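1. Have a look at this prediction, sequence included:
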Amino acid sequence: MAAKKFVVGCFGDEAVLFPAVKKVRAAGYKIHDVYTPFPVHGLDHAMGLRETSLHTAGFVYGITGTTTALSFMSWVFTSDWPLNIGGKPHFPLPAFIPITFELTVLFSAVGMVMTFCYLCQLMPFVKKHIFHPRQTDDKFVMVIEVTNKSNAGEIKDFLASVGAAEINEQIAEPGWWYGRFDREDRLYAEQPAPLNV
Amino acid sequence: MHLKYESTLREPLVDGVKDYHKVTEDIIGPIEAKPGKLWYVGFFISLSLLAFGVFSVTWEVYFGTGVWNLNKTVGWGWDITNFVWWVGIGHAGTLISAILLLFRQGWRTGVNRAAEAMTIFAVMCAGQFPIFHMGRVWMAFFVLPYPNTRGPLWVNFNSPLLWDVFAISTYFTVSLLFWYSGLLPDFATVRDRAKTKLRKLLYGVASFGWTGSTKHWQRHESLSLVLAGLSTPLVLSVHTIVSFDFATSVIPGWHTTIFPPYFVAGAIFSGFAMVNTLLIITRKILHLEDYITIGHLDAMNRVIVLTGSIVGCAYLTELFMAWYSGSQYEFAEFYKYRAAGPLGWSYWIMMTCNVITPQVFWFRKMRRNVMVSFIMSIIVNIGMWFERFVIICTSLYRDYLPSSWTYYRPAWPEVGFYMGTFGLFFTCYFLFAKYFPVIAVAEIKHVLKTSGESFKNDMTKYDQESAEKFAHDLEHAH
C-alpha cells in the first residue's frame, strides 16, 4: 500500500474523545482509526464500526472439532479396527463425550486466535506505523486521513476546536510490513537519493 | 457521564491517586529496572532445584521406574499424587481469568495475569509426571492417535487415561492462548516506551505489532469473552476427567460418583492457596500493594473458605457413604485404613489442613491479615497435597488380597522429581515476574476510572441521583 497523509490528534481523556469522534464524523472527515491504550466501550459504535463476527467463526470451528472427534473415533472403533475391549460396545457414545468436548474447545480456541491474528494482521516481526508513542500508554490518538476532498490545515483547526492536543501531520504507511521495532524504516520518498556516479 | 458506574460502597480496586500513565509506570517499571538481590537469590535456588530434578529424572529414565519405591500393590505413588496436585493448582488461574470474567467480578483484573501464568507453569509441571511414569519415556508419543505401522493400532478412546491426554493438552493450549492474547497489548506498551534497542526488538516481536486500533480492541474483547466462555466448561472438565482416572476403577475409596465435583472444588481450593502464596510475595517485592490490595486477598480468602468447606463436606459424605452403603470393603477402607492404619497420619494431616484451619477465614480480620493469609496458603497447599496422597496411596496399600498389603514411602528420585517441578515452576515464575507485566495493565486502566480510589469520590453524585435519571442518562450516553 502506498503511504498516505494523516492528521493526528491526541486526547488525554476518553470523556473528551467521545464527543470529538461524533463531531469529526458529523463534519464528514474520514477517521482512519482511533488508537487507545485499553478497550474503550462504545467507541466502536461511536465510530460507526460494525460488530465483529469473530464469535461466529469460533462457533464454526467448534462444530468442526465436534464432528472431527466424533467421526474419527466412530470410524476407528466401528470400521478401521473394531477392537474388543472387555466386551464393551464398539460404538460407546458416552465414552466419546470427553474427547469430543475437548476437541470442540481446542478447535474453537485455536481457530479463533488464528482468525483474530489474521484479521488484525498480528504476527511476530510484523511492523506497523505507531502514530504516537504513548497510544499504548495513556493517550487516545485519533488519526484522520487527508483525502483529496479535505485539507490538512482545516482538519488541524477542527481537531483543536474539539479538544485535541499535540496535533500534527504525518505521512505514513497505513498497512503492515515485515520489520523490527528497534529500527526506523524510512519511507522510500524520504530515502536519500542515490548519487549519480 | 461515565461509561460505567460503580457504587461508592464498593471497595476500590486500585488504591492511591493514579492516572493512566502512573499505572503504566507502576507495573511496567519493574520490567525496565534491574532485578533486586532477592530476585537473584530466588532464581538461583529455583534453578538448583530444577537441576536436581533433571538429575533425578535422568536417573529414573536411565535405570527405569524400578528406582522409585512403587511396587505391585502401590502402583501410583508420589508421581500421580504430584500430577493431580499440580493440575489442581492450575485451576485457580482459569477460574479467575474465565469464570470471574463471566461473573463480572471486577477484582479479577488485579490478579488474573499472574494467576494465568501460574496455571500454565503448573500444568507444565503436572504433565511431567504421567510422561515419566511411563518408564520408556521415548515412547510417550504412543498416547497420540496417529497413523502408525502397527496396524494402525489406535489408542483406546474408552480409557479415562487417554481422556486425560486430551484434556491436559487442550487445557494447556487454551490457557496459553488466552494468556498470550491478553499479553499482546501490554507487550506493546513495554515496546513503545522501551529505551534500549534490545528491549524494543524483543517486545516488538512479542507484541506481534499491536497498535491499539479500535477495531482490534473490539475483536480482542470478543475473543476474550468467547475464550472465557470456552475455558469455563473446560476447566471443570479437566479435573472431572482427572477424577475419572480414579472413579471409573473398582478400587474402594475411588469408585464414587462424588469425585468430579469434589475434585473440582479441591482444585480451586488449592489453586487459590497457591495464588495467594505467589501474589503476597509478588506484591511485596514489586511494590504492587496498590493493585493487589487487601480487598483482593479478602476476596480470595473467601473463595478458599468456601471451597475448603465444600471439600470438607465431601470428606464427611465419603465417611457417611462408606458406612451407609453397607459395602464392607468401602467401610474397611475408610475406617480402618484411612482414618486409622499405618498411613492414618496422612489422613489427619489432610483433615486438619483442609477442613479445620481454613475456618479462620470466617473472620474478616483474619481474611484481611497478610501474614495469616500467607501462612494459611502454605497450610492449604500442604493439606491438598496430602488429600491426593490419601486418595491414591491409602486406597492402594490395602487391596483385596491381604498377602499383598504393603507400606509405601518414596525413594529419593521420586522426591527429587517433585523438587524439580518446584524448580521448574519457580524458575518460570521468576522469569515471568521480571520480564512480563505481572498485572494486566490495559485491564487495570479499563476499570481505573470507576474503581480507582481517587476516582471513587466522583461517584457520589451518581449515588445521590434518582434511579430514573441515572437510567435515562445511561441510555442517552454517547
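-> Ah, there it is. Because the structure is a prediction, the values reported are computed rather than measured. Residues are numbered from 1 along each chain as shown, chains lettered A, B, ... in the order given.

2. Just give the strands next to the helix or strand encompassing residue A:8 in its sheet, each with its orientation.
-> Following DSSP states H and E, one finds residue A:8 within strand A:4-11. As defined by DSSP bridges, the strand partners of strand A:4-11 come to strand A:140-145 (antiparallel), strand A:165-172 (antiparallel).

3. Pull out the buried residues from it.
-> Counting neighbours by 16 or more other CB atoms under 10 Å in any protein chain shown, one finds that the buried residues in strand A:4-11 are A:6, A:7, A:8, A:9, A:10, A:11. Heads up, the C-betas are built off the backbone N, CA and C, glycines and all.

4. Now do that strand: distance to the chain's middle.
-> Offset of strand A:4-11 from its chain centre (CA atoms, centre = their mean, to the nearest Å): 19 Å.

5. Then stretch B:154-165?
-> 24 Å.

6. Could you do stretch A:148-164 as well?
-> Going by CA atoms, centre = their mean, where stretch A:148-164 is centred and where its chain is centred differ by 26 Å.

7. deepest of the strands paired with strand A:4-11, which one?
-> Most buried of the strands paired with strand A:4-11, by mean neighbour count (mean count of other CB atoms under 10 Å in any protein chain shown): strand A:140-145, with a mean of 25.

8. following it, which helix or strand comes up?
-> Per DSSP H and E, the first helix or strand lying C-terminal to strand A:140-145 is helix A:152-161.

9. ok and the residue in chain B nearest chain A?
-> residue B:204 (2.9 Å; CB to the nearest CB).

10. Give me the neighbour count for that residue.
-> 26 (other CB atoms under 10 Å in any protein chain shown).

11. Just confirm it contacts residue A:136, I think it does.
-> No - in this structure, residue B:204 is not within contact of residue A:136 by CB atoms under 8 Å, at 11.9 Å.

12. which residues are common contacts for these two?
-> By the contact definition CB atoms under 8 Å, 6 or more residues apart in numbering or on different chains, residue B:204 and residue A:136 are jointly contacted by residue B:191.

13. Show me which residues of the helix or strand containing residue B:282 are buried.
-> Applying DSSP H and E as the criterion places residue B:282 in helix B:259-285. Buried residues in helix B:259-285, defined by neighbour count with 16+ other CB under 10 Å: B:259-260, B:262-280, B:282-283.

14. What are the buried residues along the very next helix or strand once past it?
-> As assigned by DSSP H and E, the chain's next helix or strand after helix B:259-285 is helix B:294-324. Residues of helix B:294-324 classed as buried by neighbour count (16+ other CB under 10 Å): B:295-301, B:303-312, B:314-315, B:318, B:321-322.

15. Quick check: which ranges of the stretch 151-300 of chain B have low pLDDT?
-> Scanning the stretch 151-300 of chain B for pLDDT under 70 picks out nothing.

16. Tell me where it has helices.
-> Ranges of helices within the stretch 151-300 of chain B are B:160-192, B:197-206, B:214-247, B:259-285, B:294-324, based on DSSP state H, counting those that start in this stretch.

17. near chain A at all, the first one?
-> Meaning helix B:160-192. Yes - applying CB under 8 Å from any CB of the partner chain, one finds helix B:160-192 touching chain A at B:160, B:162-163, B:166-167, B:170, B:173-174, B:177-178, B:181, B:184-185, B:188-189, B:191-192.

18. and the residue of chain A nearest chain B?
-> Counting by CB to the nearest CB, chain A gets nearest chain B through residue A:181, at 2.9 Å.

19. which one's the longest helix in chain A?
-> helix A:93-119 (DSSP state H).

20. count of residues packed around the closest residue to residue B:343 other than its chain neighbours?
-> Excluding its sequence neighbours, the residue lying closest to residue B:343 (CB to CB, 6 or more residues apart in numbering or on different chains) is residue B:394, at 4.9 Å. Per other CB under 10 Å, the neighbour tally for residue B:394 reads 24.

21. tell me the SS of residue B:394?
-> helix (DSSP: H, G, I helix; E, B strand; the rest coil).

22. mind giving me the domain split of chain A?
-> According to automatic domain parsing, chain A comprises the domains A:4-49+A:125-190, A:54-119.

23. which residues sit in contact with the residue nearest the centre of chain A?
-> Closest to where the C-alpha atoms of chain A average out (CA atoms, centre = their mean) is residue A:120, at 2.8 Å. Applying CB under 8 Å, 6+ apart to residue A:120 gives the contacts B:213, B:215, B:216, B:219, B:220.

24. near chain A, which of the residues you listed show up?
-> Answer for the contacts of residue A:120 near chain A (CB under 8 Å from any CB): B:213, B:215, B:216, B:219, B:220.

25. So the fourth one versus residue B:343, what's the distance?
-> Pointing back at residue B:219 there. In this view, residue B:219 and residue B:343 are 54 Å apart by CB to CB, to the nearest Å.

26. before we move on, what about the last one?
-> Separation of residue B:220 from residue B:343 (CB to CB) stands at 50 Å.

27. got TSV for the domains of chain A, with mean pLDDT too?
-> Formatted as TSV, the domains of chain A follow (pLDDT from 0 to 100):
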stretch	mean pLDDT
domain A:4-49+A:125-190	88
domain A:54-119	93
